[in-house]
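Trainee: Compute the structure for the input listed below.
(chains A and B)
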Amino acid sequence: GQNIDQPTEMTATEGAIVQINCTYQTSGFNGLFWYQQHAGEAPTFLSYNVLDGLEEKGRFSSFLSRSKGYSYLLLKELQMKDSASYLCAGTLSSASKIIFGSGTRLSIRP
Amino acid sequence: GAVVSQHPSRVICKSGTSVKIECRSLDFQATTMFWYRQFPKQSLMLMATSNEGSKATYEQGVEKDKFLINHASLTLSTLTVTSAHPEDSSFYICSARDISAGGDNEQFFGPGTRLTVL
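Mentor: Numbers count the residues shown, from 1 in each chain, chains lettered A, B, ... in the order given. Predicted structure coming up:
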């Protein structure tokens, strides 16, 4: 089966760094996405990891360990606009569909 | 980048009526589109996979007779919520996969449709 877990809520301070973890147990796992979603809007793509390791893209970095079934999204130099839900999602090798985790609501305080 | 549109963006209807939501890929062709539903403060739940020219594949627990999906062309998929009830009120989001791109990281989301059933 497929099971993707991430914390429900997190709070961080403007200018700081925050790491959002995601663990997964998916049969036929192929790769892992991170999406950002502001309230009432559709998700926007942040990153996609298919190989182990860290991928950096500006203030955002994403890490994947396939052997451990673990990923994290690292946000640096936090800004108030980073307050949003962050969705971890896995793709299955047998199909092109994406399975989403429950999402982590990140609140940034001044 | 690739753009996916949805229409309408917001709809309010009476209980018992049917509502059609369109999902279009504007600058690319999509043999496969996906329909998601999202309730407040929850994540996206995949409802079905829409395949151009063939029947949709529904996820477990999703009633195919209630949520009719038609994928008549490479750029358009429609979701019809039949005999809508207040519990169907939700945010419906589609995504489309670009057939010209390799791998499974080429999937783009529409802006969503907010359905409210009175």
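
Trainee: worst-scoring helix or strand of the chain, pLDDT-wise?
Mentor: If you meant another chain, say so; for now it's chain A. When the helices and strands of chain A are compared on mean pLDDT, DSSP states H and E, strand A:2-5 comes out lowest with a mean of 84.

Trainee: looking at chain B here, not the other one
Mentor: strand B:107-109 (a mean of 84).

Trainee: Which elements pack onto the next helix or strand after that strand?
Mentor: Downstream of strand B:107-109, the next assigned helix or strand under DSSP states H and E is strand B:113-117. For strand B:113-117, the packing partners by 3 or more CB pairs under 8 Å, 6 or more residues apart in numbering or on different chains; DSSP states H and E come out as strand B:10-13, strand B:19-25, strand B:90-97. C-betas here are computed from N, CA, C, even on glycine.

Trainee: Kindly recompute the last result at 7 Å.
Mentor: Judged by 3 or more CB pairs under 7 Å, 6 or more residues apart in numbering or on different chains; DSSP states H and E, strand B:113-117 is in contact with strand B:10-13, strand B:90-97.

Trainee: on that earlier part again, can the least confident helix or strand of chain B be said to contact chain A?
Mentor: Yes. Legend: contact between strand B:107-109 and chain A by CB under 7 Å from any CB of the partner chain is shown at B:Q107, B:F109.

Trainee: what does that strand contact?
Mentor: A:A42, A:P43, A:I98, B:A2, B:V4, B:I93, B:S95, B:A96, B:R97 (CB atoms under 7 Å, 6 or more residues apart in numbering or on different chains).

Trainee: contacting residues for the fifth one?
Mentor: Yep, that's B:V4 we're talking about. Taking CB under 7 Å, 6+ apart as the test, what B:V4 contacts is B:C23, B:R24, B:S25, B:L26, B:C94, B:S95, B:A96, B:F108, B:F109, B:G110.

Trainee: Looking at those residues, which one is closest to chain A?
Mentor: For the contacts of B:V4, the residue nearest chain A by CB to the nearest CB is B:F109; the value is 4.4 Å.

Trainee: Check the gap between that closest one and A:T8 for me.
Mentor: Separation of B:F109 from A:T8 (CB to CB, to the nearest Å) stands at 22 Å.

Trainee: of these two, who's got more company?
Mentor: B:F109 (23 against 10; other CB atoms under 10 Å in any protein chain shown).

Trainee: mind checking how far the least confident helix or strand of chain B is from the chain centre?
Mentor: In terms of CA atoms, centre = their mean, to the nearest Å, the centre of strand B:107-109 is found 12 Å from the chain centre.
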